[in-house]
Structures are given as structure tokens and as C-alpha cells.
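**Student:** dropping a prediction and its sequence here:
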Amino acid sequence: MLQAIRDRVTGIVAIFILGLLAVPFVFFGVDSYVRDVPQDAVARVGDTEITSSEFQAEFSRYRAQLRAQQGEAYNDIEANRPEARREFLESMIDQRLLVEYAQQMGLTISPATIAEVIASIPAFQIDGQFDVAIYEQRLQASGQTPARFERDLARDLLVQELPAAVSSSIPVTDADVDRWLRIQLESRSVATLRVPSAPLIDPAGIDPAAVEQYYTDNPDQFMRPERVSVEFVELDTRDMAATLEIDEQTLRERYEALRDRFMSPERRRAAHILLTAEQRSEDEARALAEALAQRIRDGEAFADLAAEFSEDPVSAENGGDLGWIDIGVMMPSFEQALFAMEAGAISDPVQTEFGWHIIRLDEVEEPRGQSFEEARFELQAELQQERAEDMYIELSERLVDLIYADPTGLASVASDLGLELQRAGPFSRFAAEGVLGNPAVMEALFSDLVLIERQASEPIEVDPNHAVVVRVVEHFPAEPRSLDDVSEEIINRLAREQARDAARARAEALLAQILESGAPDFEELAAAEELEADARDLTRRSFEIGGQLLEGIFGMPLPEAAAPVYEIIPSGSDWFIVRLDSVAPGVPEDADPVQRESARQQIRFSRASLEFQGLMQWLRDNIEVSVVSDRL
């Protein structure tokens, strides 16, 4: 396999396999021994090290991403537990193994490729074009340098070449596709009996001792997350701009300098008749154009002649009408003639690359524009924004100097720069509002520098020309909620669990009754037991019944000798007694080319996943990995 990979590396592709790298693989060598790991490293992978600072920075970014994705559902205690930290380290080790192997294979990423990828990232663009200043600002706001970002990007791109090689080395035959389609396109005839748990929920029946025991056994589920109270200052050009006054003379000077911008140029409405030389000679086309122009001047209707003779199929249907025409839109000779005419005039024949034109000028709209008073608000806003941006640069530099001079408080910073000292909290990691909820701000707030050492953060740019500096005033560690506070929550949870168990027990009793009585009619049994029954043919795309139930039904063994198969399958909090009566294999010939290609790709994905895991196992077996767990 490894030689096939070496022979088939073709580029940075196979994104479907790359998804595997975002999720830690099954642990390999969880009990790896410690040997020759430097004091500042948490792991050694072959000839490279993962330093403690690298791990902490990567893990903090990972948690910030989780926090942004999960919102209020985010549990920092869960995300930061030792098992989660070790799991994340294992994913970093897997990546280093792939990098080392790729380098051994002689794979490299050129600087040109790195530059091309960076330039294509929308976050680093303005109006679709890469902007160096924005690139540097975005990296600074996320706590990275260009050198580090480009190094990490090169590493990631290098890692992607191996999955590409694996995927390209997987053969999938037509016979493989046919077998897959027979399974995936099969239908199953089933009858179901639903046993719900909701009617069995009885909070009043929960023993108080059980509530207390559940609270004691599951303390992590009832923790109040750590919280912080903070002070912060913001630099925002929008706020600055609103306070700036622009004098009348400056506004008028700007208006005069930009007068053309506030003027709409002259435009003209016209109609034409086009005669081409495709069916006649140039001389014949011109002669016909002259004759038609004369007939129009003699009183014949322009629209009628356009409909009869014009070879512009679009305008001919509308009497030759071209609508309003701005300067710079038409061919030069056409435009020159049109803008030299008087309204109502008929032109002599005009030649362009399309043929000969007879032009009628219908209407002239003179140049018009905004007066100074009409443009005042726009001009003032522009000048305010420009000056605010200049102030932002100056104040940002002073802000950094003031923080470095005294990082223990923000009151003097706010006073010196004329900023409002704002306060908020206490709030948890996932409950901050406004600018404080920005992932980069949240990461800074819970960093060692700000949270433990109580120093002000560096300016964090949350948007272009919008930065914030934060400092933790008070920290409230995570603490258990009282039993009184959570008892109702526990009672409801236990009541639901007991109801679900009772529903399963009822389903099991009913299934025993069904098997003993020789498969009674589900509809009759449902009526007798006040349950819901259903019967239908299902495919793997019958999602309307619910994914869990659908997956269970297609996991049931096939009926034998025309005897149905029975099974109890959960779906949410309910249980279903399922009778599988028959299975009809799919017909590969019914699949269209798109379905067959999709099947081929899914087979390749499945096999490549196994191959890739095999590669990871080989790398684990052949490259030494050492971990120091207590440094996590």
C-alpha cells in the first residue's frame, strides 16, 4: 500500500478524507512511555517535538471554536477534562506523524502554492482582492504572526497530500458498485407498533433519596461554570466618526473636488433599424439604409419599417426601441452620431461593425446631479470616517504604549485616550454579549495572562478599525449548584428515564405476547392496547420515520423461509416493536449515471477511510512517539 501511495501522490485533493484529520483517531499507545522528551515538551514525535506552549495555544483555539459553534450548549468543564486534552494531543500527534512521513517521501509545498491559498481566503480580501494589511490585522487579532500562520498552513497542506494519495489508489469496479446498489436501493416491508414513554412520566413518583443520590453521583452535571467580571475599552472608528465636526469650508472644498461624482451624465433614448451585409453587399446595405431613411422622413412609420426590415431581432419587435443609452455604451460611430442629433431627428446611415444603422433620437435627458446641500450628509460622513481612521491608527499606537507601561488597570488608559471605561459581568465563557462574545476576546479573557495574572490584554481587533482591550477584575471559579437549585431538574430527568424503562418493559411484554400467540394483527393489538400501528414499505431514504428507527430497521437480519423477523427498536424516548416481513433487493440497472458515480465515490470513501487508518497504524508502529501526560 505504501508504495502505491508514493506512486500516486498527485496534489492537494481528497477533501472527503481530510475530514478525518479534524477528529482525533482512536488512541494509539495511550500508555506511551516517557523517554528523551525535553522539559518544555508534552510529546516527541520522531524527530520533532510538541511543546507545552504549542499544545496550550492549539487547545485554546480548539475550545474557542467549540464555544462559538455550540453557544450555550458548550460545557467548558467537559471540554477541558483530562481525557479531552489527551484526545486533542493525540490528534496533534497524528498530524505530526503525517508531516514526518510526507517529508520522508520527499513531498513539499512550494511558496507559490502557499501564497495562492492565502490569497484565496475571503477573510484576507477586500472586494474579492487579497489585501496585505487586512491579512496582517486578522492574524494579529487571532494572536498569530504571518510566519507562524504560513508555517502551519504549509504543514496542513502537506498533510493533505497523503489522503489524496490514499484515495487515488483505491480501485472500485462496476461489480462493486452493483453490489453496493443492491443493498442501498433495497426496500423493506415492515409493520410497527409504537410504545410511547410520555404517558408513563410521573415526577411525583420519584423518591427524594433517588434525587439526592443522582446529585451525589453526577456532580459534574450540576456545576455553575466559571465566570468573570471585566473592564474594557473599545476603539471603534464608527463611534469616533460620530463625534467629529467638519467645518463648512472643508465640506464645500470636498464637494468641488468631487463634483463629477455627484453628477449624472446626459443620456438619450433612441430607436434604430439595423441592416447587415450578411444577405447583401455593403453597397446594397447602405443603399437600402438611405432609402429607408428617406421613406421615414417622407412620413412612413419608423416602427413599421423597423419591424419589416431591421435585422436586430430584439429591438425590431419593439419598433426599433433601444431604451435609454448612456455615454460609453454603444459603438463609437453610433454614439458620435446619436449624441450630435436633435430630439426627433432621423440620422443618415451610420456604419458600425454590425452593419448600417438608421437612428431616431426620441428624447434627451440633460445632465443632473446633487446640489451641495443634497450631498452634504454623504460628504460629512466620508470625511468623518477618513479622520476617524487616522485617529484610530494614532490611538492604537498610544493604546499599546499605555498598556505596556501599566498592564494592571485600564482606568488611566481610558482617561488618557478619552475613552469610556466599560464594565460587564459576571458572565461565563458562553454567555458574554456584544463585543465580549467575540471568540478572540473570549480566548484572551480566559488566557493565563488575563485571567490569572490579571493583566490587560493586547488590543484585539474584532472587526476592521474596531479593537478592544479587556482585563479581568474578578474571577468566580466553577462551583456546584445546590441540590435545592437542581432538584426539579433531576426529578424530571429521573422521571423521563423511568418512563423510558417502563415503556421498554411494556414493549418486551407485548413482543412476548406476539410471539406466543403466533403473530396477531398489529392493528387489532394496537386498538386493544391503545397504541399506534403502522405498515409500509421503506427505503433507506424514508427519513420521515426518524433516523434512529430507520437505521434499526435496516440493521435487522433478513427473514428466512417466509417467517417474519421481530425486534424492539428505540426512537428518541419511545420504543417500536418492528415486524420485518420481506426484503426486496435493489436493482442496479435502475440507477442512473449520477447515482452510480455517487455509489462509486462512497465505496471509495469507505475503503479509503480504512486504508488511511491502516496508514496511521503503520506510522504509529514505525515512528517513535513519547508523551508526558502530566504536562497537559
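**Tutor:** That came in fine, so what should we check first? Numbering: from 1, shown residues only.
**Student:** quick check, residue 581 in a strand?
**Tutor:** Yes - using DSSP: H, G, I helix; E, B strand; the rest coil, the secondary structure at residue 581 is a strand.
**Student:** residue ranges with poor pLDDT in the stretch 1-150 of the chain?
**Tutor:** Across the stretch 1-150 of the chain, the stretches falling below the confidence threshold (pLDDT under 70) are 1-40, 72, 76, 141-143.
**Student:** er, the chain I mean
**Tutor:** Residues of the chain that meet the cut-off, pLDDT under 70, sit at 1-40, 72, 76, 141-143, 163-168, 519, 630-632.
**Student:** helix, strand, or coil at the residue positioned nearest the centre of it?
**Tutor:** Against the mean C-alpha coordinate of the chain, by CA atoms, centre = their mean, the closest residue is residue 69 at 10.2 Å. When the structure is split into helix, strand and coil by three-state DSSP, residue 69 lands in helix.
**Student:** could you report the neighbour count for residue 458?
**Tutor:** Burial measure for residue 458: 20 neighbouring residues, criterion other CB atoms under 10 Å. Where C-beta positions appear, they are placed from N, C-alpha and C, glycine not excepted.
**Student:** and residue 365, by the same measure?
**Tutor:** Number of residues near residue 365 (other CB under 10 Å) recorded here: 13.
**Student:** contacts only, for it.
**Tutor:** For residue 365, the set of contacting residues under the criterion of CB atoms under 8 Å, 6 or more residues apart in numbering consists of 266, 267, 268, 269, 324.
**Student:** any figure for the gap between the fourth one and residue 148?
**Tutor:** Relative to residue 148, residue 269 is positioned 60 Å away (CB to CB, to the nearest Å).
**Student:** what about these two, which has more around it?
**Tutor:** The neighbour count for residue 269 versus residue 148, taken as other CB under 10 Å, is higher for residue 269 (16 against 12).
**Student:** name the element that one belongs to?
**Tutor:** Residue 269 belongs to strand 267-275 when elements are defined using DSSP states H and E.
**Student:** and the nearest residue to residue 258 once chain neighbours are set aside, how close does it get to residue 422?
**Tutor:** By the measure of CB to CB, 6 or more residues apart in numbering, the closest residue to residue 258 outside its immediate chain neighbours is residue 379, 7.7 Å from it. With distances taken as CB to CB, residue 379 is found 32 Å from residue 422.
**Student:** picking that back up, neighbour-wise, which of the contacts of residue 365 leads?
**Tutor:** Per-residue neighbour counts (other CB under 10 Å) across the contacts of residue 365 peak at residue 268, which has 21 neighbours.
**Student:** show me what contacts that one?
**Tutor:** Applying CB under 8 Å, 6+ apart, we find residue 268 in contact with 324, 325, 338, 339, 361, 362, 363, 364, 365.
**Student:** what about the fifth one, which SS state?
**Tutor:** It refers to residue 361. Going by three-state DSSP: residue 361 is strand.
**Student:** so what's it bridging to?
**Tutor:** Counting by DSSP bridges, residue 361 forms beta bridges with residue 270.
**Student:** could you pull out the helices in the stretch 1-150 of the chain for me?
**Tutor:** Ranges of helices in the stretch 1-150 of the chain, per DSSP state H, counting those that start in this stretch, are 2-8, 15-18, 52-70, 76-79, 82-104, 111-119, 132-141, 146-168.
**Student:** Serialize those to a markdown table and add fields for distance to residue 615.
**Tutor:** Below are the helices of the stretch 1-150 of the chain laid out as a markdown table (distance: least, CB to CB, whole Å):
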| stretch | distance to residue 615 |
| --- | --- |
| helix 2-8 | 7 |
| helix 15-18 | 11 |
| helix 52-70 | 23 |
| helix 76-79 | 29 |
| helix 82-104 | 8 |
| helix 111-119 | 23 |
| helix 132-141 | 32 |
| helix 146-168 | 7 |
